[in-house]
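A.B. asks: Sequence first, predicted model second:
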Number of protein chains: 2
Amino acid sequence: MKTAQPLIQRLCIIGVGLIGGSLARALRDAGEVGEVIGCGRGEDNLRAAVRLGVIDRYVTDPAQAVSGADVVVIAAPLSAIEPVLRAIVPCLSVNAVVTDVGSAKGSVVADVERVYGAIPPHFVPGHPIAGTEQSGVEASFATLFQGRRVILTPLAETSSAAHHLIQRMWELTGAEVIDMGVRHHDAVLAATSHLPHILAYTLVDTLARLDDRAEIFRYAAGGFRDFSRIASSDPKMWHDICFANREQLLEMIALFSADLERLATAIRNEDRATLLATFQRAKRARDNLYLE
Amino acid sequence: MKTAQPLIQRLCIIGVGLIGGSLARALRDAGEVGEVIGCGRGEDNLRAAVRLGVIDRYVTDPAQAVSGADVVVIAAPLSAIEPVLRAIVPCLSVNAVVTDVGSAKGSVVADVERVYGAIPPHFVPGHPIAGTEQSGVEASFATLFQGRRVILTPLAETSSAAHHLIQRMWELTGAEVIDMGVRHHDAVLAATSHLPHILAYTLVDTLARLDDRAEIFRYAAGGFRDFSRIASSDPKMWHDICFANREQLLEMIALFSADLERLATAIRNEDRATLLATFQRAKRARDNLYLE
């Protein structure tokens, strides 16, 4: 007779927001988690998480929160990862596996090295490529990761047991799990996520600072609504990401700026061929990507 | 006994695409148009328009198409407006009112002046702020303009009868009609529409030209899909718009580029306050705009 054991006996989520909350919901729905302990700085949010059934209980002190947990997920902003690690490392169970959900991985690995003095076998850097411009546990939902990709960037020192546990955890949420090198992850995300956010924030701010901004925004069409949606993302979180992935992001901004300047020059010089070829190439690439 | 007369007896649409087709559909649904004549360069598209019931019949020669029409809507790309005007002017009915739907108005007014030698009373420059990244008559639908804004930029020379007829025509589609100066229209649109399109095209093209573009695009998240949607817009049409509104667009690109450079400098110098303040300002502006 088989006694069904959940994959995770006690899960500790540090930072019960959109990502942390959605992960807890998905694992509960899968029946693969025993107890869920929440931890975070906003007690209102943690109380809401208990009320919504996302976590069983909460502990505001990270060191106490991780006690007895077999999996610890740090779903806090990137700038909080190092202090959280410093707080929890002395209190982790001997078999605990720790992972994070940060949008940049080089800075997390550097944080881990600084705190531990070396890469420990039980830390698995991770990044679910999912989210909305919303934040907070109220915005969380169990199917957030379904059909989405989760990138893990295990290191040479990472134990394969820890790696496979986190892999399995994400697979249970309906995500496709992919391994990638830390540097490659950060380059890919700089291009497809960090740069677009910077552009959207910059555009909205540029327009918001025009003299006739009320007028300007009044005539924004549907395209603008979609284009600017990511400028509604959490400013603190994105500010963290920009500094965490600084070098690769600056490289992408430079590439983009040079291309934009090239297009401006084409417009100025009435170089119709260049403009048309660029737009056609972009349309083809975008249509191929989504076939919508 | 009142005999219901439609607002427009014979409507001629030159360029039966997303905008022209949707306008015809909306006026038909409102029962405010007698006959609809289509005109354009693609006979397949015109045949589809007849089959779909968007137009009653088509004439490929613009000069013949406008014969007997009381309203002529030029819904062709901006670069086609001058040649179309040259072709139709000698054949317009004495009472015909002519309007257009171009996304830039200064260039249209210049075209009109070149063709007529002066601004005629029966031409009403117009711009429905509606559309999708789709094009062609198959993409047209009667409710495209419902709740959207249509900007008219009548000139001192424009007759108020012509102005009011075009105003009424657009109101029948469910749109809110607003009058604006030509230059102001072009400044507002450069900011909210033309610049975002340039940014989206540039971003997708920048990424498409990276060495590992297949990889890059594979990991694009939901935010990228929304952000890049407008890069699927018609390249030829947008190439026309960029040149038609060249000065104002270049000014907006310069403003944006300076702001982007400022943010890049803040990232480089780890100037956290500037980055956070910018993101917060942008989020506030965007949230206020849509309250979603």
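C.D. replies: Nice, thanks for sending it over. Nothing here was measured: the structure is a model prediction, and the numbers come from that model.

A.B. asks: contacting residues for the most centrally placed residue in chain A?
C.D. replies: Of all residues in chain A, the one closest to the mean position by Cα atoms, centre = their mean is residue A:103, 4.1 Å from it. Residue A:103 is in contact with A:78, A:127, A:189, A:193, A:194, A:241, A:244, A:245, counting by Cβ atoms under 8 Å, 6 or more residues apart in numbering or on different chains. (Each C-beta comes from the backbone N, C-alpha and C, glycine too.)

A.B. asks: Of the residues you listed, which belong to strands?
C.D. replies: Residues of the contacts of residue A:103 located in strands (DSSP state E): residue A:127.

A.B. asks: and which of the contacts of residue A:103 is nearest to chain B?
C.D. replies: Nearest to chain B among the contacts of residue A:103 is residue A:193, at 5.9 Å by Cβ to the nearest Cβ.

A.B. asks: Next one: the closest one from residue A:145, what distance?
C.D. replies: Distance, residue A:193 to residue A:145, using Cβ to Cβ, to the nearest Å: 16 Å.

A.B. asks: do the same with residue A:200
C.D. replies: Following Cβ to Cβ, the distance that separates residue A:200 from residue A:145 is 23 Å.

A.B. asks: Next: residue A:267.
C.D. replies: 42 Å.

A.B. asks: more neighbours, those two?
C.D. replies: Neighbour totals were compared for residue A:267 and residue A:145, and residue A:145 leads with 26 against 22 (other Cβ atoms under 10 Å in any protein chain shown).

A.B. asks: so what's that one up against?
C.D. replies: By Cβ under 8 Å, 6+ apart, residue A:145 lies in contact with A:22, A:23, A:26, A:128, A:130, A:170, A:173, A:174, A:175.

A.B. asks: same thing but at 7 Å, please
C.D. replies: A:22, A:26, A:128, A:130, A:170, A:173, A:174, A:175 (Cβ atoms under 7 Å, 6 or more residues apart in numbering or on different chains).

A.B. asks: okay, it: pLDDT?
C.D. replies: Confidence at residue A:145, expressed as pLDDT, is 97.

A.B. asks: gap between it and residue B:215?
C.D. replies: Residue A:145 is 21 Å from residue B:215, where distance means Cβ to Cβ.

A.B. asks: ok, now residue A:156?
C.D. replies: On the measure of Cβ to Cβ, residue A:156 and residue B:215 end up 22 Å apart.

A.B. asks: Between these two, which has more neighbouring residues?
C.D. replies: Counted by other Cβ under 10 Å, residue A:156 and residue B:215 do not tie: residue B:215 has more neighbours, with 15 against 5.

A.B. asks: Could you pull up the residues touching the more buried one?
C.D. replies: Here residue B:215 is in contact with residue A:188 (Cβ under 7 Å, 6+ apart).

A.B. asks: Is it correct that it falls within a strand?
C.D. replies: No. Secondary structure assignment places residue B:215 outside any strand; it is helix (DSSP: H, G, I helix; E, B strand; the rest coil).

A.B. asks: for the stretch 101-250 of chain A, which spans come out with low pLDDT?
C.D. replies: Counting by pLDDT under 70, the stretch 101-250 of chain A contains low-confidence residues at A:221-222.

A.B. asks: Chain neighbours aside, what residue packs nearest to residue A:70?
C.D. replies: residue A:9 (5.2 Å; Cβ to Cβ, 6 or more residues apart in numbering or on different chains).

A.B. asks: Hmm, I typed the wrong one, I wanted residue A:229.
C.D. replies: For residue A:229, ignoring the flanking residues on the chain, the nearest one in space by Cβ to Cβ, 6+ apart is residue B:226 at 5.1 Å.

A.B. asks: all helices in chain A, in order from the N-terminus.
C.D. replies: A:18-29, A:43-51, A:62-65, A:78-88, A:106-116, A:160-171, A:182-189, A:195-208, A:213-218, A:222-228, A:235-244, A:246-268, A:272-290 (DSSP state H).

A.B. asks: I'd like the average pLDDT over the third one.
C.D. replies: In this model, helix A:62-65 carries a mean pLDDT of 97.

A.B. asks: what's next to it, contact-wise?
C.D. replies: In contact with helix A:62-65 (Cβ under 7 Å, 6+ apart) are residues A:12, A:14, A:37, A:39, A:59, A:84, A:87, A:88, A:90, A:91.

A.B. asks: do the same with the last one
C.D. replies: Taking Cβ under 7 Å, 6+ apart as the criterion, the residues outside helix A:272-290 that touch it are A:263, A:266-267, B:201, B:204-205, B:208, B:217, B:220, B:225, B:228, B:231-232, B:235-236, B:238-239, B:242-243.

A.B. asks: same thing but at 8 Å, please
C.D. replies: Contact partners of helix A:272-290, identified using Cβ under 8 Å, 6+ apart, comprise A:262-263, A:266-267, B:200-202, B:204-205, B:207-209, B:213, B:217, B:220, B:225, B:228-229, B:231-236, B:238-239, B:242-243.

A.B. asks: Filter those down to the buried ones.
C.D. replies: The neighbour-count test (16 or more other Cβ atoms under 10 Å in any protein chain shown) applied to those identifies A:262-263, A:266-267, B:200-202, B:204-205, B:207-208, B:217, B:220, B:228-229, B:231-235, B:238-239, B:242-243 as buried.

A.B. asks: Domain boundaries for chain A, per the record?
C.D. replies: Listed by automatic domain parsing, the domain ranges of chain A are A:8-180, A:185-290.

A.B. asks: what's the first-to-last distance across the longest one?
C.D. replies: In terms of Cα to Cα, to the nearest Å, the two terminal residues of domain A:8-180 are separated by 24 Å.

A.B. asks: follow-up on the earlier one: select only the buried ones of the contacts of helix A:62-65 in ChimeraX?
C.D. replies: Remark: buried members of the contacts of helix A:62-65, expressed as a ChimeraX selection using 16+ other Cβ under 10 Å:
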select /A:12,14,37,39,59,84,87,88,91
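
A.B. asks: could I get the contacts of residue A:145 as a markdown table with neighbour count and distance to chain B?
C.D. replies: Converted to a markdown table, these look like this (neighbours: other Cβ atoms under 10 Å in any protein chain shown; distance: Cβ to the nearest Cβ, whole Å):
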| residue | neighbour count | distance to chain B |
| --- | --- | --- |
| A:22 | 26 | 14 |
| A:26 | 24 | 17 |
| A:128 | 23 | 10 |
| A:130 | 22 | 7 |
| A:170 | 25 | 15 |
| A:173 | 24 | 15 |
| A:174 | 16 | 15 |
| A:175 | 23 | 12 |
